[in-house]
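Asks: Give me coordinates for this.
(2 chains)
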Amino acid sequence: MECIASVEQLRLKFPGKETLLFKDLSLSFKKGEKVLLIGPSGCGKSTLLQVLSGLIPHSVDIPMKAKHIRVPDNWGYVFQDPDSQFCMPFVDEEIAFVLENISVPREQMPERIEGLLRAVNLQVPPHTNIHTLSGGMKQRLALASVLALEPDVLFLDEPTAMIDDEGTEMIWRTVKQIAYDKTVIIVEHKIEHVLDFVDRIILFNDAGEIVADGEASTIFHNYKEVIASQGVWYPRIWDDYKKKKKVRRHSSEQREVICLENFQGYRNKEVKIRVNTARVHEGEWIAVTGKNGAGKSTLLHALMKLIPTDGEYKVYGNRLEQTKQLARRIAFVFQNPEFQFVTNSVWEEMAYSLRLEKRTEQEIASEVERLLKMFHLEEQKKQHPYQLSMGQKRRLSVAASIISGQKVFLLDEPTFGQDAKNTFALLELFESYREKGAAIIMVTHDEQIVKHFATRRWIIENGQLVRDEPVMPETKKALSVQGGSSREMGYSLS
Amino acid sequence: MRWDIHYRETWLHRTNPSLKLLVMMSIFILVLFLHNPNVLINLSIGLFLLFFIYTGYPLKYLLLFFLPFFVIFVSTASSMTLFGQGTTTWVQWGLVHVTKESFLRGMHLGFRALTFALLGLIFSLTTRPVYLFYSLMQQLKLKPKYAYSFLAGVRLIPIMLEEFQTVQNALKVRGAGHSGTLEKVKRYAVPLLSQSIRRAQRIAVAMEAKRFSNETKRTFYYRIGFSKYDLMFLFSMIGIIMLSYYAATVFPYIPVTDVR
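Replies: Predicted coordinates for the structure are as follows:
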């Protein structure tokens, strides 16, 4: 079949990095193929998409060299972040922007816009403010505006990385509808949604080399060990994880940590979250679930008193009024770790809270070293927090938040966008704290995390805690058989 | 965070944004060289009526928007009045020295600031940025490169405000409240700027991925032309100015025609 895109002996290096990201990489894609690229974070999958589309070096200035490169004539590119791919404020204007670029006459535009919105199942009036759309709807709008280019090749660069389950489902359903006759090259972590769509999978290792390239049906079977060792998400990864996992110990103490009665949180004087009654005990891991915009993050903000609240709220039996007082008992980890960094090095970042408590330098040093080791950040201790990788930043923000010994953790989707290796590493760290009696309240969209780690689940709907139910532990017998040899998870940390 | 304020669309919204901009800029320059307080007061009243009746916003918002500029009016007028120079002394008390001349000059300055504010308010309340830039591209031949960069920038503002709040919360949780001003500026600026720079770069790449380029000829989704509303606008502005001059000569408030 006809080749539609290819590179031969591609060499590429990011400025400031010592090693080449790609060294003599050759790849080609046939017309009509649906290809999935997988590999650990930072292996260069997205960069490769940008090279194949010609965005590198045309729009993004990164030094590269290739013996031969074939860029498709007509392509469309959907990016990861729904908030940074539009330049106009309204839905119709954004699609019109693309139509203007390719000189479509004005008279044809309204009709084309409506047709494109129908094609991606985006049922909103064309003149809708993009700001009011959900993340999933924004990504479908991105698809619509890319379709306006009438592309033969679609590059999809983790289009669902920031989208909840429901939105992800809709996006992939739409892609399957509109792209059956196109060439589609996909980078995606949530592979279960695309496995039935792709016919070829290419696996990269962390050195940017191709480890495997073959039919979708066989690759996970033949290269399972390699895939697992690279820390990449693969189907049924959780089953394998469960086999290796040790038995969960319940924390013996069951002291009450948080007590809520008729608790309400306000934004702009409106009740945005309401909890009639709820208790949190030591050793509990509570998963807060619900749709995007239901009020999960708002609940965490209310518990930290970052928004006005009323009703009964006690922490260890005390009523605490200020965020400052609460912060001594409760650690809060935000979704974007960068926003929480306040110093210029990893070491100082960890020491920051301890310094505020006026601990002795000796004490600080020993505590920081202990946590650096535990969170595998020793080698990075002199670096600026912004220079870390995604996974390291996340670990640092957690470590720095919990260093003063808080025993309640509020976590806002801490595993969002992380690869398998980092996700499991982080979850195990939380689990080790939970076993020692910490209480964890974590917002998540991932059903597997709820199933395998949470002890209880809070469901939030329309700004209200509607259900508070225990998560049934998995068949305990099966686990305890293998439970003897604990801690043999093969996830080493970089 | 949303900024949806519902307003009624008036004829001011329908005038050509480029024309509106040019006319308002001319008035701006005219006011700079206007030294007769009577004319200036009349002009302010005229613009104030336009602002109050024809921008189409609910009274609550009009008052809210006007408030900061009223404060500016009072502060400019009073500082000139209290510490100005002049020969006819009214009050002298320590440093404070109010004379007839300083009072008139203060008032004149206050009204000048007020006129500028009203011009700006009327323009920004009745002009959608998207229409403004489409009109600038079509009537004043602004390069699309600049027009769309501005529009993309406008989109970033609400996102930045949201991020500002997040940083504020994050710092509160980490107990980073007690620090010097410089330190504080740094703590907000570094994460906000680094986010914005990255976001701007990503938007730029996304725009090029959608085939935005400087070379090709483009069509326009909105065709911004001229209509009877433009004549209406032009005549009403000329009318306000002429009436101001006429009223100032026939019914002057004060017998002074030059405050210099």
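
Asks: all contacts plus neighbour counts: C-alpha atoms, from now on.
Replies: Will do.

Asks: Tell me how many other residues surround residue A:451.
Replies: 17 (other Cα atoms under 10 Å in any protein chain shown).

Asks: and the closest residue to chain B within the stretch 1-150 of chain A, how many neighbours does it have?
Replies: Closest residue of the stretch 1-150 of chain A to chain B, Cα to the nearest Cα: residue A:87 (4.2 Å). Number of residues near residue A:87 (other Cα under 10 Å) recorded here: 24.

Asks: What are the neighbouring residues in contact with the closest residue to it other than its chain neighbours?
Replies: In this structure, residue A:87 finds its nearest non-sequential neighbour in residue B:152, 4.2 Å apart by Cα to Cα, 6 or more residues apart in numbering or on different chains. By Cα atoms under 8 Å, 6 or more residues apart in numbering or on different chains, residue B:152 lies in contact with A:86, A:87, A:88, B:203.

Asks: Just put the residues you listed in CSV and tack on distance to residue A:275, secondary structure and pLDDT.
Replies: As requested, the contacts of residue B:152 are exported to CSV (distance: Cα to Cα, whole Å; DSSP: H, G, I helix; E, B strand; the rest coil; pLDDT from 0 to 100):
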residue, distance to residue A:275, secondary structure, pLDDT
A:86, 37, coil, 92
A:87, 39, coil, 91
A:88, 39, coil, 93
B:203, 40, helix, 93
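
Asks: Identify, from those residues, the entry nearest to residue B:234.
Replies: If you rank the contacts of residue B:152 by distance to residue B:234 using Cα to Cα, residue A:88 comes first, at 30.1 Å.

Asks: Tally up the residues packed near that closest one, please.
Replies: 23.

Asks: is it true that it touches residue A:94?
Replies: Yes. With contact defined as Cα atoms under 8 Å, residue A:88 counts as touching residue A:94 (5.1 Å).

Asks: State the pLDDT value of the residue in the stretch 1-150 of chain B that chain A sits nearest to.
Replies: Closest approach between the stretch 1-150 of chain B and chain A, counting by Cα to the nearest Cα: residue B:148, at 7.2 Å. According to the per-residue confidence, residue B:148 scores 93 in pLDDT.

Asks: Pull the contacting residues for it.
Replies: Contacts of residue B:148 by Cα under 8 Å, 6+ apart are A:87, B:133.

Asks: go again using 6 Å as the cut-off
Replies: Residue B:148 makes contact with no residue, according to Cα atoms under 6 Å, 6 or more residues apart in numbering or on different chains.

Asks: name the element it belongs to?
Replies: If you go by DSSP states H and E, residue B:148 is part of helix B:144-173.

Asks: So residue A:452 versus chain B, what's the distance?
Replies: 29 Å (Cα to the nearest Cα, to the nearest Å).

Asks: Enumerate the residues of the stretch 51-200 of chain B near chain A.
Replies: Residues of the stretch 51-200 of chain B lying close to chain A (Cα under 6 Å from any Cα of the partner chain) are B:152, B:167, B:170, B:173, B:191, B:199.

Asks: redo that, cut-off 7 Å
Replies: B:151-152, B:155, B:167, B:169-171, B:173-175, B:187, B:191, B:199 (Cα under 7 Å from any Cα of the partner chain).

Asks: Scan the residues you listed and report the most crowded one.
Replies: residue B:173 leads those on contacts (other Cα under 10 Å) with 26 neighbours.

Asks: So which elements touch the lowest-mean-pLDDT helix or strand in chain B?
Replies: Among the helices and strands of chain B, strand B:89-93 carries the lowest confidence by mean pLDDT, DSSP states H and E, at a mean of 83. The contact analysis (3 or more Cα pairs under 7 Å, 6 or more residues apart in numbering or on different chains; DSSP states H and E) places strand B:89-93 against strand B:96-99.

Asks: how far is the strand it packs on from where the chain is centred?
Replies: Its chain's average C-alpha position is 32 Å from that of strand B:96-99, according to Cα atoms, centre = their mean, to the nearest Å.

Asks: same check, this time on stretch A:428-437
Replies: With Cα atoms, centre = their mean, you get 21 Å for stretch A:428-437.

Asks: now do stretch A:227-247
Replies: For stretch A:227-247, the distance to the chain centre is 18 Å (Cα atoms, centre = their mean).

Asks: Repeat that for stretch A:134-141.
Replies: With Cα atoms, centre = their mean, you get 16 Å for stretch A:134-141.

Asks: so for that stretch, what's the average pLDDT?
Replies: Stretch A:134-141 carries an average pLDDT of 91.

Asks: In the stretch 101-250 of chain B, where is pLDDT below threshold?
Replies: B:176-179 (pLDDT under 70).

Asks: now residue B:237: how far from residue B:111?
Replies: 18 Å (Cα to Cα, to the nearest Å).

Asks: Looking at these two, which is more packed in?
Replies: residue B:111 (25 against 19).

Asks: quick one, phi/psi of that one?
Replies: The phi/psi pair for residue B:111 (degrees, to the nearest 10) reads phi -70, psi -30.

Asks: so what's it up against?
Replies: Residue B:111 makes contact with B:40, B:41, B:44, B:73, according to Cα atoms under 7 Å, 6 or more residues apart in numbering or on different chains.

Asks: same thing with residue A:278?
Replies: Counting by Cα under 7 Å, 6+ apart, residue A:278 has contacts A:259, A:260, A:261.

Asks: and the second one, that's in a strand?
Replies: Yes. According to DSSP: H, G, I helix; E, B strand; the rest coil, the state of residue A:260 is that of a strand.

Asks: What residues are bridge-paired with it?
Replies: Residues in a beta bridge with residue A:260, per DSSP bridges, are residue A:278, residue A:313.

Asks: need the residues of chain A near chain B, please.
Replies: So far as Cα under 7 Å from any Cα goes, chain A lies against chain B at A:59, A:77, A:84-89, A:96, A:98, A:100-106, A:146, A:306, A:323-324, A:327, A:332, A:338-340, A:342, A:353.

Asks: Among these, which ones are in helices?
Replies: The helices, defined by DSSP state H, take in A:96, A:98, A:100, A:101, A:146, A:323, A:324, A:327, A:353 from the residues of chain A next to chain B.

Asks: nearest spatial neighbour of the second one, skipping sequence neighbours?
Replies: Okay, so that is residue A:98. In this structure, residue A:98 finds its nearest non-sequential neighbour in residue B:210, 5.9 Å apart by Cα to Cα, 6+ apart.

Asks: I'd like to know how many residues surround that neighbour.
Replies: Neighbour tally, residue B:210, other Cα under 10 Å: 26.

Asks: ok, it touching residue A:100?
Replies: No. Taking Cα atoms under 7 Å as the definition, residue B:210 is not a contact partner of residue A:100, at 10.2 Å.

Asks: Run through the residues that contact the residue most central in space within chain A.
Replies: The residue lying closest to the centre of chain A (Cα atoms, centre = their mean) is residue A:417, at 1.8 Å. Contact analysis of residue A:417 by Cα under 7 Å, 6+ apart lists residue A:161.

Asks: cutoff 10 Å now
Replies: A:41, A:158, A:160, A:161, A:162, A:163, A:189, A:190, A:390, A:391, A:423 (Cα atoms under 10 Å, 6 or more residues apart in numbering or on different chains).

Asks: Switch those residues over to a markdown table; also include pLDDT.
Replies: Shown next, in a markdown table, are the contacts of residue A:417 (pLDDT from 0 to 100):
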| residue | pLDDT |
| --- | --- |
| A:41 | 79 |
| A:158 | 89 |
| A:160 | 87 |
| A:161 | 80 |
| A:162 | 76 |
| A:163 | 81 |
| A:189 | 82 |
| A:190 | 83 |
| A:390 | 78 |
| A:391 | 82 |
| A:423 | 87 |
